[in-house]
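Q: no sequence on this one, just coordinates:
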DNA sequence: CTGAAGTTGTGAAAACAGTAACAATGTTAC
DNA sequence: GTAACATTGTTACTGTTTTCACAACTTCAG
Ligand SMILES: NC(=O)c1ccc[n+]([C@@H]2O[C@H](COP(=O)([O-])OP(=O)(O)OC[C@H]3O[C@@H](n4cnc5c(N)ncnc54)[C@H](O)[C@@H]3O)[C@@H](O)[C@H]2O)c1
Ligand SMILES: NC(=O)c1ccc[n+]([C@@H]2O[C@H](COP(=O)([O-])OP(=O)(O)OC[C@H]3O[C@@H](n4cnc5c(N)ncnc54)[C@H](O)[C@@H]3O)[C@@H](O)[C@H]2O)c1
């Protein structure tokens, strides 16, 4: 076998789907690649290539069926069922994320949160039950959770990541500004905000060629 | 001219610097590329390439001088002076970010925050003065701010981005889950958390080859 | 001094990501 | 029916990012 899905394509598909949902509600039945591209701020060729990756075909005359495409992306991303997520670290960022996902990302369910602060554990915060970290090895496998979000201080991120992986987690979205060493079969996405800002600040300084 | 700095290199340099600072405090004077690589969880070749990009040279026998390298990265990233940042949207995420930068990212100063909610404007929140959005065209140029962070609802992100750009902003870190249409000379970094989670959840599901 | 060991700097290759180009195809105008 | 048109699916290309591989260099043991 040769085919692999580029991670960037997956991220764009997520965006396309959200855009399509808005059009679905307005009753639009078909869209051309250049219309989707324009909304997503990418090139039409990029859109067609991404849709090729999931094996969805449009009609040369009508474009893509909003309904069928939305459905097709949904099935590809595997979100027929709501995906269960674990959150570790219910601090400032963790609370904001929990609030965000409850209200704005209905396809993900923050099934369980974990913290080691006894003032936070045992309570429901932002619609999410907070358990002590000792409960990770019990709850993660029992719930069949495979995906976790880390919003921990840098010092404890690696340790908790190891615990999660041992409990069966196969993908981690890490907000702590430290690199994590994980087995190769665990998918890791780092969102180091400091590094992102450093990048933006750097390129804000030196002029870039416009278009 | 031919040389351009890859954005990813800038982000990694930010990470290297933080790691080096920790070693500086411990009194370590020299490090080899493979030691830096191990800490940053990248390959040694990657480290050497990144350092080549900023024109820093180590010694084949002693490796890189922690002190001189830290200094060199600092001068390259332009952070001799603290960089001024504007934050737009002081909601759940904005407040968490402001708190984070005050306490953990001393190289950036959140010079001004903006919001359109009168209950928030005119007050200091998380160490950061919140102005009404009408003040953007006045404050941004006056302070010489070139970099902004967007933590706004999707509906108002494009509008505020336009306002910021008109006021002179040259780089935007966008947390709203919508694509932004900006002039080509403005550097844009999107941090769409939903898309990131979607990516992680996707690859958590299907097995990956380990190493 | 010589050789072994270990590291850097960098050209070349590979992997990855995005763009362009175009044949194939359905649609419309007449 | 058919010519003109617009769009898709796909292949080939271009550019960027990462890895590989190795010459050049420094040190040190003997
Ligand atoms: N606040 C932000 O906007 C922001 C932005 C980017 C990155 N981050 C990063 O995200 C992480 C969390 O940031 P924050 O602002 O929420 O910090 P915070 O201190 O508010 O929250 C950290 C939480 O983790 C818990 N915790 C600490 N050690 C733990 C452990 N061993 N096991 C379980 N829970 C533990 C604490 O009890 C606390 O609730 C930090 O690494 C920070 O650098 C934060
Ligand atoms: N909360 C999170 O953890 C999180 C995570 C990822 C992405 N996001 C995104 O970040 C954005 C903000 O999220 P949030 O949770 O902070 O939402 P929020 O509703 O808590 O905060 C939004 C803030 O923006 C202000 N605002 C609204 N319209 C404005 C305008 N036109 N001009 C200026 N200010 C305006 C509001 O007054 C409010 O203070 C959203 O787009 C959300 O999708 C949030």
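A: Thanks, I have it. None of these values were measured; they are calculated from a predicted model. Ligands and ions are numbered 1, 2, ... in the order given.

Q: those helices in chain A, which residues are they?
A: Under the criterion DSSP state H, helices of chain A are mapped to A:7-26, A:33-40, A:44-53, A:66-77, A:92-104, A:136-143, A:154-166, A:193-205.

Q: residues from chain A in reach of DNA strand C?
A: For chain A, the residues in contact with DNA strand C (Cβ under 7 Å from any atom of the strand) are A:6-9, A:42-43, A:45-46, A:48-49, A:59-62. For glycine as for every other residue, the C-beta is placed from the backbone atoms N, C-alpha and C.

Q: Show me where chain A dips below the pLDDT cut-off.
A: Scanning chain A for pLDDT under 70 picks out the ranges A:1-3, A:80, A:206-211.

Q: contacting residues around the residue in chain A positioned nearest to DNA strand C?
A: Per Cβ to the nearest atom of the strand, residue A:61 is where chain A lies closest to DNA strand C, at 2.6 Å. Listed by Cβ atoms under 8 Å, 6 or more residues apart in numbering or on different chains, the contact set of residue A:61 is empty.

Q: Tell me the one of the residues of chain A next to DNA strand C nearest ligand 1?
A: Ranked by distance to ligand 1 (Cβ to the nearest ligand atom), these are led by residue A:7 at 21.0 Å.

Q: What is the neighbour count of that closest one?
A: Residues within reach of residue A:7, counting by other Cβ atoms under 10 Å in any protein chain shown, total 15.

Q: quick revisit: please list only the buried members of the residues of chain A next to DNA strand C.
A: For these, a burial check counting by 16 or more other Cβ atoms under 10 Å in any protein chain shown picks out A:9, A:42, A:46, A:48.

Q: From those residues, pick the one nearest residue B:135.
A: Within these, the smallest distance to residue B:135 is 33.8 Å, found for residue A:42 (Cβ to Cβ).

Q: Make sure the closest one is actually in contact with residue A:12.
A: Yes. Between residue A:42 and residue A:12 there is a contact under Cβ atoms under 8 Å: 6.9 Å.

Q: Apart from its chain neighbours, what residue comes closest to the closest residue to ligand 1 within chain A?
A: Proximity to ligand 1, evaluated over chain A using Cβ to the nearest ligand atom, is greatest for residue A:91 at 1.6 Å. Among residues not flanking residue A:91 along the chain, residue A:151 sits closest, at 6.3 Å (Cβ to Cβ, 6 or more residues apart in numbering or on different chains).

Q: Over to residue A:54?
A: Nearest non-adjacent residue to residue A:54, counting by Cβ to Cβ, 6+ apart: residue A:76, 4.4 Å away.

Q: For chain B, see how far away residue A:12 is.
A: Using Cβ to the nearest Cβ, to the nearest Å, we find residue A:12 at a distance of 8 Å from chain B.

Q: which residue sits closest to that residue, ignoring its sequence neighbours?
A: If the residues on either side of it in the chain are set aside, residue A:12 comes closest to residue A:50, at 5.4 Å by Cβ to Cβ, 6+ apart.

Q: got the contact list for that neighbour?
A: Residues in contact with residue A:50 (Cβ under 8 Å, 6+ apart) are A:9, A:12, A:13, A:16.

Q: re the thing from before, surely the residue of chain A closest to ligand 1 touches residue A:150?
A: No. If you go by Cβ under 8 Å, residue A:91 and residue A:150 don't touch, sitting 11.3 Å apart.

Q: and the longest strand for chain A?
A: Counting residues, the longest strand found in chain A (DSSP state E) is strand A:108-115.

Q: which residues touch stretch A:136-146?
A: Stretch A:136-146 has contacts (Cβ under 8 Å, 6+ apart) with A:84-86, A:88, A:111-112, A:114, A:131, A:160, A:163-164, A:166-171, B:201, B:204-205.

Q: list the buried ones in it?
A: Neighbour-count burial for stretch A:136-146, counted by 16+ other Cβ under 10 Å, picks out A:136, A:139, A:140, A:145, A:146.

Q: got it, and stretch A:174-191?
A: Buried, per 16+ other Cβ under 10 Å, within stretch A:174-191: A:174-180, A:182, A:186-191.

Q: Is it in proximity to chain B?
A: Yes. With Cβ under 8 Å from any Cβ of the partner chain as the criterion, chain B is reached by stretch A:174-191 at A:177, A:179, A:180, A:181, A:183, A:184, A:185, A:187, A:189, A:191.

Q: The fourth one: what's its closest spatial neighbour, skipping adjacent residues?
A: Beyond its immediate neighbours in the sequence, the residue positioned closest to residue A:181 (Cβ to Cβ, 6+ apart) is residue B:41, lying 5.8 Å away.

Q: any idea how far that neighbour is from residue B:204?
A: Using Cβ to Cβ, to the nearest Å, we find residue B:41 at a distance of 19 Å from residue B:204.

Q: The two: which is more packed in?
A: Counted by other Cβ under 10 Å, residue B:41 and residue B:204 do not tie: residue B:204 has more neighbours, with 24 against 14.

Q: Bridge partners for the residue nearest to that one when sequence neighbours are not counted, pull those for me.
A: Nearest residue to residue B:204, sequence neighbours excluded (Cβ to Cβ, 6+ apart): residue A:171, at 3.0 Å. Bridge pairing for residue A:171 (DSSP bridges) gives the partners residue A:147, residue A:187.
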